[in-house]
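[1] Whatever this is, show me its structure:
(one chain, ligands or ions: 2)
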Amino acid sequence: MNVLVVGGGGREHALVWKICQSPLVEKVYCAPGNAGTASVAENVSIGADKIDELIQFAQENNVELTVVGPEQPLVLGIVDAFEAKGLRAFGPSAKAAQLEGSKAFSKDLMKKYEIPTADYQVFDSVEEAKNYIDRVGPVAVKADGLAAGKGVSICMDSESAKKAVDEIMEQKAFGDAGAKIVIEEFLVGEELSLLAFTDGKTVLPLDSAQDHKQAYDGDKGPNTGGMGAFSPAPIFTPELKEQVMNEVMIPAVRGMESDGIVYKGLLYAGLMLTDKGPKTLEFNARFGDPETQPLLMRMKNDIVPIFQACIDGTLAKHTLDWDSKTAVCVVMAAKGYPGFYGKGMEISGLKEAEETGAVVFHAGTRSNGEKVETSGGRVLGITALGDTMDSALSCSYSAVEKISWDGIHYRKDIGRRGAL
Ligand code: AMP
Ligand code: GLY
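    Ligands and ions are numbered 1, 2, ... in the order given. Here you go, the predicted structure:
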């Protein structure tokens with residue numbers, strides 16, 4: 001069959017890489033893809049949110065399965081639009097994707113179905129938000145809608161919380177995504193995530209993974225989309241995973257169902273392990289980036305039948321198999337990320353890096369003739385397997401050292417938490 005992967009980041013390169021290994025698959029397309037996906041699939045120059053053009057492409061090229069990577073097209077209703085044309089697409093409907101697309105929707109669902117999460121209030125008035133801030137301690141101020149991972153401010157005092165409210169609601173830093181805000185209790189603990197496939201009934205968790213959100217070593221600096229990830233995550237004991245399944249993942253899918261929304265696709269819960277147990281920070285309606293890179297490297301199943309089963313409602317028949325080795329992904333970013341960064345820097349050493357045995361997943365890259373150059377903030381995700389965390393790290397970092405461009409930034413302590 002022909003498969004189309006929608007998106008062009010590190011997660012999508014990993015999805016393309018994994019899908020290409022399926023004996024069921026003849027040809028893989030990636031829209032718009034990057035320089036890495038071009039080496040294993042055929043890139044199609046259609047943006048991930050150009051739904052009508054993607055439908056036309058799928059119809060003209062006999063695409064039997066479309067896998068959607070990023071949240072934006074999901075929230076815009078790409079899966080509904082494909083289904084309306086009789087095309088099969090993996091991912092939640094627009095209604096189901098509200099779980100990521102609206103923080104107010106997702107918090108209200110959690111409250112209704114008693115899914116543990118931080119106490120919160122939703123506001124559409126600056127004044128009421130500020131009055132509330134005066135009555136509470138440290139908070140997280142969050143734009144309701146999608147803000148590419150930048151819509152959350154952690155505020156330890158009321159002054160910075162009010163500034164965050166002004167930025168989101170008055171200065172409209174995230175446009176309409178900030179028409180409403182969620183203000184919630186500040187939680188302390190270690191962050192974890194759990195990803196699961198679901199067909200709306202069966203919820204099938206992936207193995208554990210953890211990412212590193214902050215830009216600099218020692219978990220310092222601004223939040224990013226993720227500077228690295230590893231799998232498995234030793235902190236995620238089987239007991240904890242069961243607890244998160246029973247208290248968070250299954251109630252979310254069942255709760256949506258009770259509200260008349262079938263959630264099909266990949267459900268991602270971002271969690272804080274507090275001293276009162278795991279609490280849900282957010283839901284995402286798609287695979288995490290960069291957690292997908294180490295997870296798919298360890299997944300032994302053919303992933304295509306799993307995607308099909310999520311669409312067909314037959315996931316109960318499947319189990320997942322995992323390589324017992326450890327996988328780590330070190331993200332190499334452009335200097336300045338997650339703030340302002342330059343583009344168009346020539347990348348060298350890619351071939352030498354792959355010779356170490358690591359897989360170089362591309363994120364923000366593009367081809368320019370024979371050259372490969374940077375085209376985004378997160379540029380590459382160097383991913384390696386090892387018998388231990390140490391051996392995976394040594395392979396990954398030896399590959400990292402072979403690569404250069406003008407202005408590289410990466411964390412030197414990826415996997416440190418996992419090695420403890
Ligand atoms: P979110 O997009 O809601 O997951 O928030 C992005 C990041 O902000 C999370 O990964 C956490 O690091 C941090 N964060 C969000 N909510 C809270 C909270 N209530 N308490 C502490 N940190 C938080
Ligand atoms: N790595 C976190 C995310 O994909 O949102």
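
[2] what residues does this protein put near ligand 2?
    211, 225-226, 284, 288-289, 291 (Cβ under 6 Å from any ligand atom). For glycine as for every other residue, the C-beta is placed from the backbone atoms N, C-alpha and C.

[3] Recalculate using a threshold of 5 Å.
    Within the chain, the positions adjacent to ligand 2 are 211, 226, 288-289 by Cβ under 5 Å from any ligand atom.

[4] Highest neighbour count among those residues?
    The most crowded member of the residues of the chain next to ligand 2, judged by other Cβ atoms under 10 Å, is residue 289 (28 neighbours).

[5] Determine the three-state secondary structure at residue 381.
    Three-state assignment for residue 381 (DSSP: H, G, I helix; E, B strand; the rest coil): strand.

[6] Give me the contacts around the particular helix or strand that has residue 79 in it.
    Residue 79 belongs to helix 78-84 when elements are defined using DSSP states H and E. With Cβ atoms under 8 Å, 6 or more residues apart in numbering as the test, helix 78-84 has contacts from 6, 49, 51-52, 54-55, 58, 66, 68, 88-94, 265.

[7] Now do it, average pLDDT.
    Averaged across helix 78-84, pLDDT comes to 98.

[8] What is the subsequent helix or strand relative to that helix?
    In N-to-C order, the element after helix 78-84 by DSSP H and E is strand 89-90.

[9] after that following strand, next one along is what?
    Past strand 89-90, the next helix or strand by DSSP H and E is helix 94-101.

[10] Packing partners of that next one?
    Packed against helix 94-101, as judged by 3 or more Cβ pairs under 8 Å, 6 or more residues apart in numbering; DSSP states H and E, are the following elements: helix 71-76, helix 103-112, helix 250-258, strand 277-284.

[11] Turn the ones you listed into TSV, including mean neighbour count and distance to residue 164.
    Formatted as TSV, the helices and strands packed on helix 94-101 follow (neighbours: other Cβ atoms under 10 Å; distance: least, Cβ to Cβ, whole Å):
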stretch	mean neighbour count	distance to residue 164
helix 71-76	23	22
helix 103-112	19	14
helix 250-258	18	27
strand 277-284	21	17
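
[12] Show me the residues of the chain next to ligand 2 that map onto strands.
    residue 211 (DSSP state E).

[13] Save the residues of the chain next to ligand 2 as JSON lines, and put in distance to residue 11 and pLDDT too.
    Listed next are those as JSON lines, based on distance: Cβ to Cβ, whole Å; pLDDT from 0 to 100:
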{"residue": "211", "distance to residue 11": "12", "pLDDT": "92"}
{"residue": "226", "distance to residue 11": "10", "pLDDT": "93"}
{"residue": "288", "distance to residue 11": "7", "pLDDT": "95"}
{"residue": "289", "distance to residue 11": "4", "pLDDT": "95"}
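
[14] Which residue comes closest to residue 339 once chain neighbours are left out?
    residue 222 (7.3 Å; Cβ to Cβ, 6 or more residues apart in numbering).
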